[in-house]
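Colleague: Output the structure for:
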Amino acid sequence: MKTIFYFLALFIFGYAAAEQGKTQEEKPPIVPEKRVLHPPFEIGDCTLCHVEKDGNKYALSQEPPDLCYMCHERKDTKTRVHGPIAAGMCTACHDPHQSDTMRLLKADSVNDLCFACHEDKKKQFLSKPYMHPPVKDQCINCHDPHQENHRYRLFADRRFDLCVSCHADKKEWVEKVKNKHGAIKIKDRCLNCHDPHSSENEKFLRKPTAMDVCLTCHNKELKREEDGVTLMNMKKHLDENPDWHGPIQWGDCAMCHNPHGSDNFRMLKLPFPETFYASFNINKYICFMCHETERFTEVLTTTATNFRNGEVNLHYVHVNQKKGRTCRACHDWHATRDTPHHIRKYMKFGKIKAPLRYIPTKTGGSCAPMCHPRRYYDRENPVINKR
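Modeller: Predicted structure coming up:
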């Protein structure tokens, strides 16, 4: 019995001494225990990567990334190379033996791995209520984790081409529409208005409302390239005219305008006559998306509109004709000052800027534009105007 204990003690102490004598670099074989295994590790041929060197049985045959490139294509041949790749640190992201994550990642997901270094992005993305679905899924939907020729290692140009690789309907739309939005052609194109990662706002807008976004460009006069027309400084107009049309009050320019372009006048979502005079057609006015059609179709009324002389509907008189005056003749659909119902101070007829000289009364009013001398109307006591 003593002999047995002697040999057992000798074996234990001998093994401990042998372990202590190993070089610090030498490590025992790893037991497969995870879901994804590196093929050389899976087949159990450690010699594909390891050799015995300087007393270390598990030394690498050569250092990464050259070791990795024995089997894998080089990942540093393009103009934009990810920092860890440029430094040859493949194992900063990938485990060389096994992992529970596809691609042998050293994290539970692609995004978790990215956020391990890009902590600022994690805070920025996750703190906002609206996250772009490709971002929420995984960063590599848009970014190559190794190398690319585009900025930020994106798979295509970030300003438009990358966006339309998913939003193909928008690509088709902006290319075919008659009236194109200048914002899609200048500077950062799609990114002028949208944040590609996350936002505090719906549609990933860079500002709280559509109007706030629009006014980042429409805060000065803009000259259109295609026809030389100068668009007004809308911010100045709104600042100087505090009585805003409903969609403006809601900050929703996109309620009437399509920000990606349109076949309609002024990029409107629905038709609107382009001229001062137009034959009346109820289907040719975006205004009727909100406003009641009865105001313009009933010859006589006591309820459809207050713009009447007794029962005579003056909206009908002005508009519902073969040569009817369009809404723009009298109304500014953005904003006005000191006049009710968004009635203009001046109307533009060709190159002429003519005053309307509108004067309201409790039960009616009068105006004296260049179209006719002053004429009056009264809802309760109809007026007979001399021609």
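Colleague: quick one, phi psi at residue 194?
Modeller: Backbone torsions of residue 194, given as degrees, to the nearest 10, read phi -110, psi 140.
Colleague: Just list the residues touching it, thanks.
Modeller: 203-206 (CB atoms under 8 Å, 6 or more residues apart in numbering). (Each C-beta comes from the backbone N, C-alpha and C, glycine too.)
Colleague: what's the distance between it and residue 228?
Modeller: 29 Å (CB to CB, to the nearest Å).
Colleague: try residue 105
Modeller: 55 Å.
Colleague: ok, now how distant is the residue most central in space within the chain from residue 160?
Modeller: Nearest to the geometric centre of the chain sits residue 194, at 2.7 Å (CA atoms, centre = their mean). Separation of residue 194 from residue 160 (CB to CB): 11 Å.
Colleague: which among the contacts of residue 194 gets closest to residue 122?
Modeller: If you rank the contacts of residue 194 by distance to residue 122 using CB to CB, residue 204 comes first, at 17.7 Å.
Colleague: Would you check that that closest one makes contact with residue 190?
Modeller: No: using CB atoms under 8 Å, residue 204 is not in contact with residue 190, being 9.9 Å away.
Colleague: can you list residues touching both of these two?
Modeller: Residues touching both residue 204 and residue 190 (CB under 8 Å, 6+ apart): residue 196.
Colleague: Next, count neighbours for residue 307.
Modeller: 20 (other CB atoms under 10 Å).
Colleague: Kindly report the same for the one 5 residues further on.
Modeller: For residue 312, the neighbour count with other CB under 10 Å is 15.
Colleague: tell me the contacts of it?
Modeller: 299-300, 382 are the contacts of residue 312 under CB under 8 Å, 6+ apart.
Colleague: Name whatever forms a beta bridge with it.
Modeller: Beta bridges link residue 312 to residue 300, residue 309 when assigned by DSSP bridges.
Colleague: Domains of this protein: list them as residue ranges, please.
Modeller: Here the domain parsing of the chain from automatic domain parsing is 156-266, 270-378.
Colleague: If the residue nearest to the centre of the chain is in a bridge, with which residues?
Modeller: Beta-bridge pairing of residue 194 under DSSP bridges involves residue 205.
Colleague: What does the pLDDT read for it?
Modeller: Looking at residue 194, its pLDDT stands at 97.
Colleague: got it, and residue 386?
Modeller: 83.
Colleague: how about it, phi and psi?
Modeller: Main-chain torsions, residue 386, degrees, to the nearest 10: phi -80, psi 140.
Colleague: Look up how far residue 242 lies from it.
Modeller: 37 Å.
Colleague: Tell me who's in contact with residue 350.
Modeller: Counting by CB under 8 Å, 6+ apart, residue 350 makes contact with residue 276.
Colleague: Phi first, then psi, for it.
Modeller: Per-residue torsions, residue 350: phi 60, psi -120 (degrees, to the nearest 10).
Colleague: Kindly report the same for the one 3 residues further on.
Modeller: Comment: the main-chain dihedrals of residue 353 come out as phi -110, psi 100, following degrees, to the nearest 10.
Colleague: Please name the spatially closest residue to it (chain neighbours excluded).
Modeller: Here the nearest residue to residue 353 in space, its sequence neighbours aside, is residue 346; by CB to CB, 6 or more residues apart in numbering that works out to 5.0 Å.
Colleague: before we move on, what about residue 375?
Modeller: Take residue 375 and drop its neighbours on the chain: the residue closest to it by CB to CB, 6+ apart is residue 385, 4.5 Å away.
Colleague: Distance to residue 341 for the contacts of residue 312 - can I get that in a markdown table?
Modeller: Below are the contacts of residue 312 laid out as a markdown table (distance: CB to CB, whole Å):
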| residue | distance to residue 341 |
| --- | --- |
| 299 | 21 |
| 300 | 21 |
| 382 | 20 |
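Colleague: filter the residues you listed to the buried ones?
Modeller: Neighbour-count burial (16 or more other CB atoms under 10 Å) is assigned to none of the contacts of residue 312.
Colleague: What is the burial count for the residue lying closest to residue 380 once chain neighbours are set aside?
Modeller: The shortest distance from residue 380 to any non-neighbouring residue, by CB to CB, 6+ apart, is to residue 363 (4.8 Å). By other CB under 10 Å, the residues close to residue 363 number 11.
Colleague: tell me the contacts of residue 363?
Modeller: Going by CB under 8 Å, 6+ apart, residue 363 touches 378-381.
Colleague: got it, and residue 65?
Modeller: Listed by CB under 8 Å, 6+ apart, the contact partners of residue 65 are 74-76, 85, 88, 90.
Colleague: Low-confidence ranges, the stretch 51-200 of the chain, go.
Modeller: Within the stretch 51-200 of the chain, no range satisfies pLDDT under 70.
Colleague: Tell me where it has strands.
Modeller: Ranges of strands in the stretch 51-200 of the chain, per DSSP state E, counting those that start in this stretch, are 56-60, 80-81, 98-99, 130-131, 147-148, 198-199.
Colleague: Ok, which of these comes nearest residue 335?
Modeller: Evaluated with CB to CB, the strands of the stretch 51-200 of the chain place strand 198-199 nearest to residue 335, the distance being 27.3 Å.
Colleague: who touches the closest one?
Modeller: Strand 198-199 is contacted from outside by 124-126, 128, 130-132, 135, 204-206, using CB under 8 Å, 6+ apart.
Colleague: Look at residue 386 and residue 242 and report which has more neighbours.
Modeller: More neighbours surround residue 242 than the other of residue 386 and residue 242, with 10 against 5 (other CB under 10 Å).
Colleague: looking at it, the more buried one is touching residue 338, isn't it?
Modeller: No: if you go by CB under 8 Å, residue 242 and residue 338 don't touch, sitting 9.5 Å apart.
Colleague: Report how many residues lie close to the nearest residue to residue 105 once chain neighbours are set aside.
Modeller: Spatial nearest neighbour of residue 105, chain neighbours left out: residue 113 (5.2 Å); criterion: CB to CB, 6+ apart. Using other CB under 10 Å, residue 113 has 22 neighbouring residues.
Colleague: Ok, residue 133 next?
Modeller: Other residues near residue 133 number 8, with proximity taken as other CB under 10 Å.
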